[in-house]
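Novice: Give me coordinates for this.
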Amino acid sequence: MSGISSDEIRQLVRDALRELLPGVGKARPETGGGGTLLARLRSALLDPKSARVDVKLDTAADLRSFARDLLQAPEDIKTGILSGRIELGIASQGAVSAAVPVAARRSQHQISKGVVTEIMVAEIGKSHDRLVIGKGVVVTPLARDRAREVKLEIVRDRS
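Specialist: Here you go, the predicted structure:
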C-alpha cells in the first residue's frame with residue numbers, strides 16, 4: 001500500500017488527463033458579468049454560502065456557450081453541480097432568478113463498442129437512468145464509481 005487514497009489517485013489521473021487533452025478545463029468569459037463562468041462555479045464550490053450561480057440564458061447562443069463551458073469544466077465542478085452543491089439559476093432581465101430544473105430521466109442509452117469513461121457516464125446520466133453496453137465494451141473503474149453517484153444502472157447486453 002502506498003498510503004495514497006483512491007480520491008487522491010483519481011485527482012492525479014484527472015490532472016494528468018487535463019494536461020494531455022487540449023482545451024479541457026478552459027472556460028471562456030461569460031457575458032453575464034461577475035467573472036468567467038468557471039471562476040463563479042469555483043467560488044460557489046468553495047463557499048457554501050454562495051453556492052448559487054446565476055447564468056444569463058437569453059438567446060440560443062448564450063445556451064450553447066453555457067453548455068460548452070460546462071463540458072470543459074474540471075471534474076470537481078461537474079461533480080459539484082451533479083451532487084447539488086452548486087445550484088444553477090437563470091439570470092434574465094428584470095426577472096427573479098429561478099433554479100434550473102434537473103431534466104427528467106429518460107429510458108436507456110446503448111453503447112455497442114469502445115470504452116465507457118467517467119465523463120461519458122456523467123453526460124449519459126443526465127438524461128438516462130440505464131446504460132446498456134455490448135459484449136466487448138470496457139467500463140473504467142472511475143466510470144463505475146460515477147455511475148453509482150449519478151444513479152445510472154449499467155447493464156451488459158447478453159445477446
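
Novice: remind me which residues of this protein are low pLDDT?
Specialist: Segments of the chain classed as low confidence (criterion: pLDDT under 70) are 1-2, 19-35, 48-50, 92-106.

Novice: ranges for the helices of it?
Specialist: Assigned helices in the chain, in chain order: 6-20, 37-46, 60-72, 75-83, 118-127, 141-149 (criterion: DSSP state H).

Novice: could those be laid out in TSV, adding distance to residue 111 and mean neighbour count?
Specialist: Yep, even glycine has a C-beta here, placed from its N, CA and C like the rest. Formatted as TSV, the entries for those read as follows, by distance: least, Cβ to Cβ, whole Å; neighbours: other Cβ atoms under 10 Å:
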stretch	distance to residue 111	mean neighbour count
helix 6-20	20	12
helix 37-46	29	19
helix 60-72	19	14
helix 75-83	20	18
helix 118-127	8	19
helix 141-149	11	17
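
Novice: can you list those helices in a markdown table and add distance to residue 156?
Specialist: A markdown table is the format used below for the helices of the chain (distance: least, Cβ to Cβ, whole Å):
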| stretch | distance to residue 156 |
| --- | --- |
| helix 6-20 | 24 |
| helix 37-46 | 35 |
| helix 60-72 | 27 |
| helix 75-83 | 24 |
| helix 118-127 | 15 |
| helix 141-149 | 12 |
